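*Asks:* here's my sequence, what's the structure:
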Amino acid sequence: MTDQRDRDVLDVAPTDGVDDYTQGLRTERALARLAAITDPIARVRSADDLAEQARSVQGAIGRVRRQAIYEATLRPGHTGESVAAELGVSAKAVSAAVSESRAQDRQLFRSALEILMRPGVCEVPADQLAPGLRARDVLMQARVVLRGRNSYDISAVSDDEFAVLEEAEDRARYIHRSAGMEPPPLETWRRLLAEKGPDEDRVPDAMRRAAAVFAVLPGIVPLYFDMPDVQDSHPRSGWWRIGWGVLPAEEGARVFDAGPHRDGWATTEYLVWFVRDLARGGYGIWNDLSSPPPFLNEPGECLSFSIEGDLNAEKAITPNEFVRDLRHMWADQNTGFMELDWPELPDADD
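*Replies:* Predicted structure coming up:
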């Protein structure tokens with residue numbers, strides 16, 4: 001029989017928005033597991049079972065499709081009739097999809113608002129949340145939910161109620177984006193790893209070249225670029241840092257669910273080796289890693305890696321010199337695992 005891992009491969013249907021890497025990875029995983037079964041009879045039966053699982057995915061695809069039709073009607077200026085014409089489907093089909101999904105959203109948002117309106121839960125007055133209970137406009141409900149969700153006392157709700165509020169907020173943000181509207185920004189600690197990254201306006205000038213290079217490294221998300229404070233007298237006053245995380249294997253997923261991206265893992269492996277090689281050559285540079293408590297954040301989204309250098313070391317290396325040498329080793333010495341479109345960099349003369 002097909003094990004749970006193969007079902008996981010099939011449970012999420014490929015879409016046009018999923019890249020070739022993701023689709024290929026799913027197919028390769030499933031086929032590799034089948035090929036690894038040495039007993040030919042067991043392999044035949046597993047192949048039959050996997051094929052049946054693939055057919056069952058069609059029902060899930062239908063549900064995703066109906067929900068997408070409904071969300072298309074939430075876009076400004078669009079109606080059921082316009083969406084039907086745009087997709088080339090009947091108005092009846094659109095109406096059925098809208099009716100089913102809207103009822104689910106309204107019930108979820110109502111449940112969340114009933115929790116938020118309870119005395120002592122939310123800082124927003126109940127009379128300002130009440131219109132969301134009565135609204136037929138799902139987007140209005142979503143806006144009210146997000147307003148209340150950002151200012152409530154987590155200690156005043158049960159675990160089950162917290163789960164409802166989390167689900168309602170995630171759904172409210174999702175349909176805002178589907179409707180072409182930007183929801184209120186999440187706190188940094190609650191963002192998915194792929195949504196994190198440094199504020200470009202805050203990247204120090206001395207790190208601009210490093211930021212440009214790290215932006216093209218595959219499968220990772222740069223998190224910060226720090227330069228030392230020249231006014232600081234602390235022993236670490238000469239330290240610079242570059243941090244990054246490995247993206248999930250599938251776009252829009254969490255690392256905990258999809259695993260780390262193959263290219264990001266290989267990039268991290270290469271960076272760790274390269275830094276260690278420089279350190280063995282006597283340079284004041286090293287690797288580090290860190291993680292906030294996963295149980296207070298998102299498991300799989302917490303681990304980050306960093307490169308740190310000491311400008312006061314006997315044999316110092318600057319960020320500009322580091323990325324210059326990294327590019328030379330990866331591209332010119334042909335030791336990188338794939339070709340990259342490197343940015344043009346001037347000489348690293350700090």
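*Asks:* got a list of what Thr268 touches?
*Replies:* Counting by C-beta atoms under 8 Å, 6 or more residues apart in numbering, Thr268 makes contact with Ile220, Trp244, Val246, Phe305. Quick note: C-beta positions are derived from backbone N, CA and C, even for glycine.
*Asks:* and the pLDDT for it?
*Replies:* At Thr268, the pLDDT value in this model is 97.
*Asks:* name the SS class of it, please.
*Replies:* Taking DSSP: H, G, I helix; E, B strand; the rest coil as the rule, one finds Thr268 in the helix state.
*Asks:* domain-wise, how is the chain divided?
*Replies:* 4-72, 103-184, 193-332 (automatic domain parsing).
*Asks:* quick one: the ones you listed as CSV, columns for distance to Glu339 too.
*Replies:* Output for the domains of the chain, formatted as CSV (distance: least, C-beta to C-beta, whole Å):
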stretch, distance to Glu339
domain 4-72, 15
domain 103-184, 33
domain 193-332, 8
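*Asks:* and the closest residue to Gln67 other than its chain neighbours, what's its pLDDT?
*Replies:* Of all residues not flanking Gln67 in the chain, Ser101 sits nearest, at 5.0 Å (C-beta to C-beta, 6 or more residues apart in numbering). We have a pLDDT of 91 for Ser101.
*Asks:* now do the contacts for Ser101.
*Replies:* Arg66, Gln67, Tyr70, Glu71.
*Asks:* so how far is Val94 from it?
*Replies:* Look at Ser101 and Val94: by C-beta to C-beta, to the nearest Å, they are 11 Å apart.
*Asks:* also Arg324?
*Replies:* Counting by C-beta to C-beta, the gap from Arg324 to Val94 is 56 Å.
*Asks:* more crowded one of those two?
*Replies:* Set Arg324 next to Val94 and count neighbours by other C-beta atoms under 10 Å: Val94 wins out with 24 against 20.
*Asks:* so how far is Ile69 from the more buried one?
*Replies:* Counting by C-beta to C-beta, the gap from Val94 to Ile69 is 6 Å.
*Asks:* which residues are in contact with each of the two?
*Replies:* In contact with both Val94 and Ile69: Val83, Leu87, using C-beta under 8 Å, 6+ apart.
*Asks:* confirm Ile307 sits in a helix?
*Replies:* No. Looking at Ile307 with three-state DSSP, it is strand, so not inside a helix.
*Asks:* which residue is the nearest non-sequential neighbour of it?
*Replies:* Ile242 is the one closest to Ile307 (C-beta to C-beta, 6+ apart), at 4.8 Å.
*Asks:* so the one you found makes contact with Asn320?
*Replies:* No. Shown here, Ile242 and Asn320 do not form a contact pair, counting by C-beta atoms under 8 Å, at 11.7 Å.
*Asks:* higher neighbour count, the two?
*Replies:* Each of Ile242 and Asn320 has its neighbours counted (other C-beta under 10 Å); Ile242 has more, 25 against 20.
*Asks:* residue contacts, that one?
*Replies:* Met207, Ala210, Phe214, Pro222, Tyr224, Phe225, Asp226, Ser306, Ile307, Glu308, Pro319.
*Asks:* ok, Glu167 next?
*Replies:* Contacts of Glu167 by C-beta under 8 Å, 6+ apart are Leu108, Ala112.
*Asks:* same question, Glu308
*Replies:* Trp239, Trp240, Arg241, Ile242, Ile285, Trp286, Asn287, Asp288.
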